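Q: A predicted structure for the sequence below; I have some questions about it.
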Amino acid sequence: MRDGFRQGYGAFGELGDGATSSSDVPVAVKKTTSATAVTGGYYSFCAVLSTSHADCWGYGVAGELGDGATSNSDVPVPVS
């Protein structure tokens, strides 16, 4: 991700743009305007925000997003 944009596979919401489709061009990740760092795995990603909080999105069936849920999210959700 660079400057709040991602591209590639998106079936689990990995692009963070509110959709579950893939894109071969960069799409804006929602709610990441204050991101200071981004990290990711294979299907899920997290942004550290300037507020020192973190938001994650993508594959979350085993709790990967840290929001207390066991579901995918196609937009960033706050880490609990």
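A: Arrived safely, thanks for sending. Numbering: from 1, shown residues only.
Q: Gly13 - nearest residue in space that isn't next to it in sequence?
A: Excluding its sequence neighbours, the residue lying closest to Gly13 (Cβ to Cβ, 6 or more residues apart in numbering) is Asp74, at 3.1 Å. Any C-beta I mention is one placed from the backbone N, CA and C, and that applies to glycine too.
Q: please enumerate the strands of this structure.
A: 5-8, 23-28, 35-40, 44-49, 54-58, 73-78 (DSSP state E).
Q: what residues does the second one touch?
A: The reference is to strand 23-28. Arg2, Gly4, Phe5, Arg6, Gln7, Gly8, Gly10, Leu15, Asp17, Ala19 (Cβ atoms under 8 Å, 6 or more residues apart in numbering).
Q: please spell out the PyMOL selection for the buried subset of those.
A: Here is the PyMOL selection string for the buried members of those, based on 16 or more other Cβ atoms under 10 Å:
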select buried, resi 4+5+6+7+10+15+17
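Q: now, among the contacts of strand 23-28, which is nearest to Trp57?
A: For the contacts of strand 23-28, the closest approach to Trp57 (Cβ to Cβ) belongs to Leu15, at 8.3 Å.
Q: show me what contacts the closest one?
A: Arg6, Gln7, Gly8, Ser22, Ser23, Val27, Val29, Asp74 are the contacts of Leu15 under Cβ under 8 Å, 6+ apart.
Q: next: Tyr43.
A: Phe12, Glu14, Gly58, Tyr59, Glu64.
Q: and the furthest pair within those residues?
A: Maximum distance among those (Cβ to Cβ): 11.2 Å, for Glu14 and Glu64.
Q: tell me which of these two has more neighbours.
A: The neighbour comparison of Glu14 against Glu64 (other Cβ atoms under 10 Å) goes to Glu14, with 25 against 21.
Q: Gly58 is in contact with that one, correct?
A: Yes. When contacts are counted by Cβ atoms under 8 Å, Glu14 is listed as touching Gly58 (4.3 Å).
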